[in-house]
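*Asks:* Task: produce atomic coordinates for the following.
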Amino acid sequence: ATNIGITGTGIVNGNGHFWRPIKKDKLSDGEWKKHLKVYGGALSEDKKTWYPSASAAQAAASKVTGKLVDGKKPSDF
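*Replies:* Numbering: from 1, shown residues only. Predicted coordinates:
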């Protein structure tokens with residue numbers, strides 16, 4: 001894999017509302033409900049954090065995500 005760098009002026013829009021976890025207390029009640037309706041996804045077990053998918057929520061809850069356990073190698077990631 002090749003590393004890249006983004007330089008210069010301007011805005012890089014990563015569309016974080018599609019992939020970045022969101023904590024419920026960062027939004028108003030109306031914004032929270034609208035986000036859930038529009039983007040679906042999954043909530044953490046305590047229902048306080050939104051994730052774009054159930055697998056993302058499970059990965060966030062896991063204590064071994066990204067760790068070399070069970071015989072995993074860096075190439076597995």
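
*Asks:* quick one, what contacts Glu57?
*Replies:* That one is not Glu; residue 57 is Ala. The neighbourhood of Ala57, defined by CB atoms under 8 Å, 6 or more residues apart in numbering, consists of 41-44, 49, 51. All C-beta spots, glycine's among them, are computed from the backbone N, C-alpha and C.

*Asks:* Packing partners of the helix-or-strand element of the chain with minimal mean pLDDT?
*Replies:* Every helix and strand of the chain was ranked by mean pLDDT, DSSP states H and E. The lowest is helix 16-19, at a mean of 78. Counting contacts by 3 or more CB pairs under 8 Å, 6 or more residues apart in numbering; DSSP states H and E, helix 16-19 is packed against helix 29-39.

*Asks:* For this structure, which segments count as strands?
*Replies:* Here the chain has its strands, by DSSP state E, at 22-23, 42-43, 49-51.

*Asks:* Off-centre distance for the longest one?
*Replies:* Once both centres are worked out by CA atoms, centre = their mean, to the nearest Å, strand 49-51 turns out to sit 7 Å from its chain's centre.

*Asks:* That strand: partners in the sheet, and parallel or antiparallel?
*Replies:* Note on strand 49-51: by DSSP bridges, its sheet partners are strand 22-23 (antiparallel), strand 42-43 (antiparallel).

*Asks:* a markdown table for these, including mean pLDDT, mean neighbour count and distance to Lys67?
*Replies:* Shown next, in a markdown table, are those (pLDDT from 0 to 100; neighbours: other CB atoms under 10 Å; distance: least, CB to CB, whole Å):
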| stretch | mean pLDDT | mean neighbour count | distance to Lys67 |
| --- | --- | --- | --- |
| strand 22-23 | 96 | 16 | 24 |
| strand 42-43 | 96 | 15 | 22 |
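
*Asks:* Gly5 is nearest to which of these?
*Replies:* strand 22-23 (27.6 Å; CB to CB).

*Asks:* Need the residues that contact that closest one.
*Replies:* Residues outside strand 22-23 that contact it (CB under 8 Å, 6+ apart): 35, 48-50.

*Asks:* what does stretch 40-53 give?
*Replies:* 18-19, 21-25, 32, 35-36, 39, 54, 56-57, 60-61.

*Asks:* Show me which pair in these is furthest apart.
*Replies:* Maximum distance among these (CB to CB): 21.8 Å, for Asp25 and Ala54.
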